[in-house]
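Asks: With the sequence up front, the predicted model follows.
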Amino acid sequence: DTEVTQTPKHLVMGMTNKKSLKCEQHMGHRAMYWYKQKAKKPPELMFVYSYEKLSINESVPSRFSPECPNSSLLNLHLHALQPEDSALYLCASSQGTGGDYEQYFGPGTRLTVT
Amino acid sequence: GENVEQHPSTLSVQEGDSAVIKCTYSDSASNYFPWYKQELGKGPQLIIDIRSNVGEKKDQRIAVTLNKTAKHFSLHITETQPEDSAVYFCAAGSSGGYQKVTFGTGTKLQVIP
């Protein structure tokens, strides 16, 4: 099974809401990633978890809060977002934790902040 | 940090023709170069990758070449088909411990039937 799943597929939230994005993989991968992708742009790295510990935070605003409950799950908690945070949020995983491992991407969550 | 440039930004080819997308990178420590295909409404999917100890790699209609000296690598798609239409991203990564790949800006490929 080489699949990364993400829920929900679509999410509309107001600026005062709290919501969470979920990601799951069952490939035994030790690294998991959150990316943000705006239209017609490449994925932009937000966070990297390595062996369930946060190893990279690319200076992401605190209104985005990642969580890795176990080696298969990755959450992204959202609070007090701005309209400019509307984007496709992608989760990925890789077997190892270096920059030379293949990353498997999920289908993404399309987030709209109103 | 690493900087990856990708050209062209859009590419239209007739079905059956070849398509070439080119990328350059800046960090000589980069040694892993994946190519991702992203179809509308989907996440990026790896289609081929190459490491710095190899100059060329081929998988059916897709090939990638790497010139370490010039710091550029290219994706070649032969006998293009309408289902090849998508956005393609090149990327560069390093085994040197930094856990990220740097993506190029993307090429929107349209294959005209």
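Replies: Sure thing, it's come through.
Asks: I'd like the distance from A:E52 to A:M32, if you could.
Replies: As judged by CB to CB, to the nearest Å, A:E52 and A:M32 stand 9 Å apart. (Each C-beta comes from the backbone N, C-alpha and C, glycine too.)
Asks: Can you pick out the residue with more neighbours from the two?
Replies: Between A:E52 and A:M32, A:M32 has the larger neighbour count (other CB atoms under 10 Å in any protein chain shown), namely 26 against 15.
Asks: got any residues that touch both of A:E52 and A:M32?
Replies: Taking CB atoms under 8 Å, 6 or more residues apart in numbering or on different chains as the contact criterion, the residues that touch both A:E52 and A:M32 are A:C68.
Asks: got the CA positions of stretch A:50-60 in CSV?
Replies: Output of stretch A:50-60 as CSV, limited to C-alpha atoms (Å, rounded to 0.1, in the frame of the first residue of the first chain):
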residue,chain,number,x,y,z
SER,A,50,11.0,12.8,11.8
TYR,A,51,10.4,9.8,14.0
GLU,A,52,7.3,11.5,15.4
LYS,A,53,9.2,14.6,16.4
LEU,A,54,9.0,18.0,14.8
SER,A,55,12.3,18.6,13.0
ILE,A,56,11.6,21.5,10.7
ASN,A,57,9.2,24.4,11.0
GLU,A,58,9.6,26.7,8.1
SER,A,59,8.7,29.8,10.1
VAL,A,60,5.0,29.0,9.8
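Asks: For that stretch, give me every contacting residue.
Replies: Contacts to stretch A:50-60, defined as CB under 8 Å, 6+ apart, come from residues A:30-31, A:44-49, A:66, A:68, A:70-71, A:97, B:99-100.
Asks: from the residues you listed, which would you call buried?
Replies: Neighbour counting over the contacts of stretch A:50-60 (16 or more other CB atoms under 10 Å in any protein chain shown) leaves A:30-31, A:45-49, A:66, A:68, A:71, A:97, B:99-100 as the buried ones.
Asks: give the contact list for A:Q82.
Replies: With contacts defined as CB under 8 Å, 6+ apart, A:Q82 is in contact with A:15, A:63, A:113.
Asks: What distance do you get for the residue positioned nearest the centre of chain A to chain B?
Replies: Nearest to the centroid of the C-alpha atoms of chain A, with distances taken as CA atoms, centre = their mean, sits A:W34, at 2.9 Å. Per CB to the nearest CB, to the nearest Å, A:W34 is found 12 Å from chain B.
Asks: Is it correct that that residue is in contact with A:F47?
Replies: Yes: with the criterion set as CB atoms under 8 Å, A:W34 and A:F47 qualify as a contacting pair; they are 4.6 Å apart.
Asks: Find the residues that touch each one of these two.
Replies: Common contacts of A:W34 and A:F47 (CB under 8 Å, 6+ apart): A:66, A:76.
Asks: ranges for the strands of chain B?
Replies: B:4-7, B:10-14, B:19-25, B:32-38, B:45-51, B:56-59, B:62-67, B:72-77, B:86-93, B:101-103, B:107-112 (DSSP state E).
Asks: So which residues on chain B come close to chain A?
Replies: Within chain B, the positions lying close to chain A (CB under 8 Å from any CB of the partner chain) are B:31-32, B:34, B:36, B:41-46, B:49, B:51, B:89, B:93-101, B:103-106.
Asks: What's the ChimeraX syntax to select whichever of those residues are buried?
Replies: Selecting in ChimeraX just the buried members of those, where the criterion is 16+ other CB under 10 Å, is done with this command:
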select /B:31,32,34,36,43,44,49,89,93,94,95,98,99,100,101,103,104,106
